[in-house]
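Novice: quick one, fold the following:
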Amino acid sequence: MSEATDFPDYLDVDYEDGEGEDPEDYPGIESKMEKALDVTARGLQEYENPAVMWTGGKDSTLTLYFVKEVAEQYDLEMPPVVFIDHFQHFDELMEFVERWAEEWDLEVIWARNEDVGDYVDEHGLDPGDPIPVDELSEHNQHHIREILEYEDDEFPFLLDTYVGNHLLKTVALNDALEEHDIDGVISGIRWDEQEARADETFFSPRHDPDIYPPHDRVQPILQFDEADVWEAYWYYLVPETVEDFPDEGYMPEDFDDIPEGVTIEDIPISPKYFEGFRSLGSEVSTEKSDEVPAWRQDLEGTTERAGRAQDKEDLMERLRDLGYM
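Specialist: Numbers count the residues shown, from 1 in each chain. The predicted structure follows:
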């Protein structure tokens, strides 16, 4: 695969599908879900080695739900999930991922930049502590110096910075894609989530071998907005997952409003959303946006990712050019 045009010729996907569209082109949750299931089915059928990006967040868990539904309906093999462990997750999110990976019998590929992680462990670093560039592997130094063109002698151990995000997430992901020869990455990004994602298509090529292992991004929920995600969760995902859960779209007011006989551990939603977080980035740099659960907040009048560190948000376009989701 020395050239972009060499990407597998066994694929028959439309890279223009979704071009120029936005969520309003799919009125109603039924049309959005129908499109999501169609894109998911084509993704599972077209790619020889697909995988699902799973962060434990609402968008990727909804995407995983669609993958599970399609795999069961068409008697297809359930692909593995890729979880990027950037070492700065909320403990509750890690517990959620481990619990539901076991519950759903998922094969998990743990994508980690072990070189950075080992240095952090060996030196007992806390988030924000400096990491000397010359203490890392040639692989990581190449990315820092040649890809990012970063010239300082050290960088902070923080996820939501240019160097930190690239090493802890993008490099970890690309290394996993290469190791497992993954040709289609099914991910849960949305058009409305960030300006840098607004022009994405349902099948998005990532074929430049100088930047990442050539692959495609399969993006079934581009057409969902934040409210749509929660509607799909409470009307479909949760009732179909949790035995005896009300099937009329019951949305709890808080932790104490969970139906009798059901615990928070029974519901495939990270407890951080119940606490008022709307976006789950890193434990260090993400704050709750309100005191009520995410789905009870003003989703139209406020910004979903306002609780995240904005220095990384402002770099999204550059980060995505390097392989970030």
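Novice: okay, strands next: where are they in this structure?
Specialist: 50-53, 81-84, 108-111, 130-132, 154-156, 184-186, 203-206, 215-218 (DSSP state E).
Novice: okay, those strands in TSV with mean pLDDT, distance to residue 69 and mean neighbour count next?
Specialist: Quick note: C-beta positions are derived from backbone N, CA and C, even for glycine. Converted to TSV, the strands of the chain look like this (pLDDT from 0 to 100; distance: least, CB to CB, whole Å; neighbours: other CB atoms under 10 Å):
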stretch	mean pLDDT	distance to residue 69	mean neighbour count
strand 50-53	98	12	24
strand 81-84	98	15	23
strand 108-111	98	19	18
strand 130-132	98	42	15
strand 154-156	97	41	16
strand 184-186	98	13	25
strand 203-206	96	19	19
strand 215-218	97	15	24
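Novice: beta-bridge partners for residue 205, please?
Specialist: Following DSSP bridges, residue 205 is listed with bridge partners residue 216.
Novice: just checking, it touches residue 7?
Specialist: Yes: the pair formed by residue 205 and residue 7 meets the contact definition of CB atoms under 8 Å, at 7.0 Å.
Novice: next up, the contacts around the closest residue to residue 164 other than its chain neighbours.
Specialist: Nearest residue to residue 164, sequence neighbours excluded (CB to CB, 6 or more residues apart in numbering): residue 158, at 4.6 Å. Going by CB atoms under 8 Å, 6 or more residues apart in numbering, residue 158 touches 88, 127, 128, 164, 282, 284, 285.
Novice: and of those residues, the nearest to residue 32?
Specialist: Using CB to CB, residue 282 comes nearest to residue 32 of these, at 29.2 Å.
Novice: and the gap between the closest one and residue 177?
Specialist: Separation of residue 282 from residue 177 (CB to CB, to the nearest Å) stands at 22 Å.
Novice: again with residue 106
Specialist: 18 Å.
Novice: quick one: which of the two has more around it?
Specialist: residue 177 (23 against 19; other CB atoms under 10 Å).
Novice: buried subset of the contacts of residue 158?
Specialist: 88, 127, 164, 282, 284, 285 (16 or more other CB atoms under 10 Å).
Novice: the residue nearest to residue 295 when sequence neighbours are not counted - how many residues pack around it?
Specialist: Of all residues not flanking residue 295 in the chain, residue 230 sits nearest, at 4.0 Å (CB to CB, 6+ apart). Around residue 230 there are 24 other residues, counting by other CB under 10 Å.
Novice: follow-up on the earlier one: now do the shared contacts for residue 205 and residue 7.
Specialist: Common neighbours of residue 205 and residue 7 (CB under 8 Å, 6+ apart) are residue 216.
Novice: what's near enough to touch the residue nearest to residue 295?
Specialist: Contacts of residue 230 (CB under 8 Å, 6+ apart): 58, 251, 294, 295, 299.
Novice: kindly give a single PyMOL line that selects the buried subset of those residues.
Specialist: Only the buried entries of these go into this PyMOL selection, using 16+ other CB under 10 Å:
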select buried, resi 58+294+295+299
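Novice: between which two of the contacts of residue 230 is the distance greatest?
Specialist: 58 and 251 (13.1 Å).
Novice: gap between the residue lying closest to residue 284 once chain neighbours are set aside and residue 144?
Specialist: Closest residue in space to residue 284, ignoring its immediate chain neighbours: residue 127 at 4.4 Å, by CB to CB, 6+ apart. Computed as CB to CB, the residue 127 to residue 144 distance reads 18 Å.
Novice: just the buried positions in the longest helix along the chain, please.
Specialist: The single longest helix within the chain, with elements called by DSSP state H, is helix 29-46. By neighbour count on 16+ other CB under 10 Å, the buried set for helix 29-46 is 29, 32-33, 35-37, 39-44, 46.
Novice: can you give the contact residues for that helix?
Specialist: Contacts of helix 29-46 (CB under 8 Å, 6+ apart): 10-13, 17, 23, 26, 50, 63, 66-67, 69-71, 74, 76, 79, 184, 186, 202-203, 218-221, 223-224, 228, 231-232, 235-236.
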